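1. Fold the following.
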Amino acid sequence: MVDSIREIIDAVKPQNTFFTLETMPWIFPDTADSYLALLNAIDRKAFAVHFDPVNLITSPKVYYQNGTMIKEFITKLGPYIKSCHAKDIKLNSKFTVHLDEVMPGMGGLDYPVFLRELNKLDREIPIILEHLTTKEEYKIAADFIRKIASRL
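-> Residues are numbered from 1 along each chain as shown. Have a look, this model is predicted:
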């Protein structure tokens, strides 16, 4: 992974953009520390961070403490974050652990912490809605996030 990303960045030589990886629950980068290790190993100015907090919620412990995970991620990687995904996650009562992606506002993601911590970075960072089906769902999700942001 490190060699491939270096090769791409060195060949393209981006001037106005960054190469990022989306955080994922089953492959690197899957934690703040694994992303930080990649940043250090790749060692290229054009390598940065795309933050998708829902993809880092992989257990009930992280689900119920996702505000702490968000704070830790942004504390460790804030200067490198260039974009974020916005969605939500719901822990269901099925056996065994079952986490479902849902529309923002319909799950347990701590949006006040997510937005407050991003705002502390003191620069504009795009927050991209994803995996919704209709224009109406995108409007409802965007309105939810804007409502939280305006309250903060």
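2. centroid residue for the protein?
-> By CA atoms, centre = their mean, the chain has its centre lying nearest to residue 52, at 1.8 Å.
3. Confirm residue 58 sits in a helix?
-> No. Residue 58 sits outside any helix when classified using DSSP: H, G, I helix; E, B strand; the rest coil, being coil.
4. Kindly confirm whether my reading is correct that it touches residue 25.
-> Yes. Between residue 58 and residue 25 there is a contact under CB atoms under 8 Å: 4.7 Å. In short, each C-beta sits where N, CA and C put it, glycine included.
5. List the contacts of the closest residue to residue 29 other than its chain neighbours.
-> Take residue 29 and drop its neighbours on the chain: the residue closest to it by CB to CB, 6 or more residues apart in numbering is residue 35, 3.7 Å away. Contact analysis of residue 35 by CB atoms under 8 Å, 6 or more residues apart in numbering lists 21, 23, 28-29, 49, 73, 76-77.
6. of these, closest to residue 9?
-> residue 21 (12.1 Å; CB to CB).
7. burial of that closest one, as a residue count?
-> 17 (other CB atoms under 10 Å).
8. For it, give me phi and psi.
-> Dihedral pair for residue 21: phi -120, psi 140, per degrees, to the nearest 10.
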